[in-house]
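> Structural data only, the sequence is not supplied:
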């Protein structure tokens, strides 16, 4: 096959709505068969479970690949390149590839990886899409505007004034060919205009912004951009690359662990305990699935800061273990023991 397979890289900060956007793209792929590579940060494949079984011929089980060995930008040689070469060796190669990165990933090393000899002649980056949370940015959380971040940090002496989160967010913005500003339905028009103005101060010239609610964006606006981003690296440099001459980075600033909870509490009791735990320990992100007594379906839980979204996504499969499993992500070091003890209070709430 002489024609390169287009690949869309979807990045964005924790809880911005990347998985929701991917699910929407799969459901509206226009007949294209898409291979999906998911990079999960944490030791539970939560994002894969959300996407699994979406019921469309464009998202077959064999076309979904999870990279769970660490952040994709840190495991390019050991994990991503071998995965791509295996995918490209298949007889039934996909029409399009979508890569959903971890919320902690720097897009830049991944973009450069498309120039590796093993894959350069076979695939090209159709475009890099960064998903941003309009509601979070309006609140000054995960904002690129350091003044807003400083104001929030000064209110809590336990938080680091010079947080790495702002730089990471800027790196994801500057790498983008398109910004999807999600959750715009949660922000009034005047505030939304202010958020967009702030974003444009950190975007490369010519980068577009598409507004979205619940990750609903016309697939034609995101697939088929034809940018070949790997051939246009100028202006996409990350903070770390500019400060350390392009050397690799580590994620020592973040911590992640999973926890299993006993069956027992009601939906409202479980969410109340989760909300109290997030508030007490400034957890950045919490996600997972819960088994609720008497419920035939599992409860999907997605939390970003104080905002918690919970919904029953599908019925439990026959023989599937009904257990509550959550992934907790935050700035290192997380008080793991205290967080686990706090979440374990669900047993008392039952």
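Right, received. Where do you want to start? Worth saying up front: this structure is predicted, and the values here are computed from it rather than measured.
> the longest helix in this structure is where?
Ranked by residue count and defined by DSSP state H, the top helix of the chain is helix 267-281.
> any idea which helix or strand comes after the strand ranked longest in the chain?
Scanning the chain for the strand with the most residues, using DSSP state E, yields strand 123-133. Of the helices and strands lying after strand 123-133 in sequence (DSSP states H and E), the nearest is helix 134-138.
> packing partners for that next one?
Packing contacts for helix 134-138, counted by 3 or more C-beta pairs under 8 Å, 6 or more residues apart in numbering; DSSP states H and E, involve helix 189-200. Backbone N, C-alpha and C define where each C-beta goes, glycine included.
> hmm, back to that, can you list the strands that the longest strand of the chain pairs with?
Strand pairing for strand 123-133, using DSSP bridges, gives strand 5-12 (parallel), strand 178-182 (parallel).
> quick one: which helix or strand includes residue 23?
helix 18-27.
> Now do that helix against strand 178-182, angle only.
Following axes from the mean of the first three to the mean of the last three C-alpha atoms, to 10 degrees, one obtains 110 degrees for the angle between helix 18-27 and strand 178-182.
> Do you know the pLDDT at the residue nearest the centre of the chain?
In the chain, the centroid-proximal residue (C-alpha atoms, centre = their mean) is residue 103; its distance is 4.0 Å. At residue 103, the model reports a pLDDT of 73.
> For the closest residue to residue 21 other than its chain neighbours, which three-state class applies?
Leaving aside its chain neighbours, residue 21 sits nearest to residue 215 (3.9 Å; criterion: C-beta to C-beta, 6 or more residues apart in numbering). Put simply, residue 215 is coil when judged by DSSP: H, G, I helix; E, B strand; the rest coil.
> Would you mind measuring from residue 215 to residue 131?
8 Å (C-beta to C-beta, to the nearest Å).
> Mutual contacts of the two, please.
17, 21, 180, 182 (C-beta atoms under 8 Å, 6 or more residues apart in numbering).
> from these, which is closest to residue 304?
residue 17 (9.4 Å; C-beta to C-beta).
> For that closest one, give me its contacts.
131, 133, 180, 182-183, 212, 214-215.
> try 6 Å this time
The contact partners of residue 17, by C-beta atoms under 6 Å, 6 or more residues apart in numbering, come to 131, 182, 215.
> Tell me what the residue lying closest to it once chain neighbours are set aside is bridged to.
Distances taken as C-beta to C-beta, 6+ apart place residue 182 nearest to residue 17, at 4.1 Å, with adjacent residues excluded. With DSSP bridges as the criterion, residue 182 is bridged to residue 133.
> Next, count neighbours for residue 182.
Residue crowding around residue 182 was assessed by other C-beta atoms under 10 Å; the count is 28.
> ok, so what distance separates it from residue 273?
27 Å.
> what does residue 39 give?
29 Å.
> who's more crowded, the two?
residue 39 (26 against 20).
> I am assuming the more buried one contacts residue 67, so please confirm or correct that.
Yes - counting by C-beta atoms under 6 Å, residue 39 does reach residue 67; the two are 4.7 Å apart.
> and for these two, which residues touch both?
By C-beta under 6 Å, 6+ apart, no residue touches both residue 39 and residue 67.
> mind showing which ranges of the stretch 101-250 of the chain have poor pLDDT?
Scanning the stretch 101-250 of the chain for pLDDT under 70 picks out 142-164, 240-250.
> which residues in it form helices?
107-113, 117-120, 134-138, 146-154, 165-174, 189-200, 219-222, 239-244 (DSSP state H, counting those that start in this stretch).
> what's the domain layout of this structure?
For the chain, automatic domain parsing gives the domain ranges 5-244, 254-349.
> Relative to the whole chain's centre, how far out is the longest one?
Taking C-alpha atoms, centre = their mean, to the nearest Å, one finds the center of domain 5-244 at 7 Å from the center of the full chain.
> Burial-wise, tell me which of the domains of the chain comes out on top.
Ranked by mean neighbour count, these are led by domain 5-244 with a mean of 18 (mean count of other C-beta atoms under 10 Å).
> Tell me how far residue 321 lies from residue 21.
When distance is defined by C-beta to C-beta, residue 321 is 29 Å away from residue 21.
> meant to ask about residue 101, not that
From residue 101 over to residue 21 (counting by C-beta to C-beta), the distance is 12 Å.
> Report all helices and strands that the longest helix of the chain contacts.
In terms of contacts (3 or more C-beta pairs under 6 Å, 6 or more residues apart in numbering; DSSP states H and E), helix 267-281 is packed against helix 336-343, helix 346-349.
> Dump those to TSV, plus distance to residue 232.
As requested, those are exported to TSV (distance: least, C-beta to C-beta, whole Å):
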stretch	distance to residue 232
helix 336-343	42
helix 346-349	49
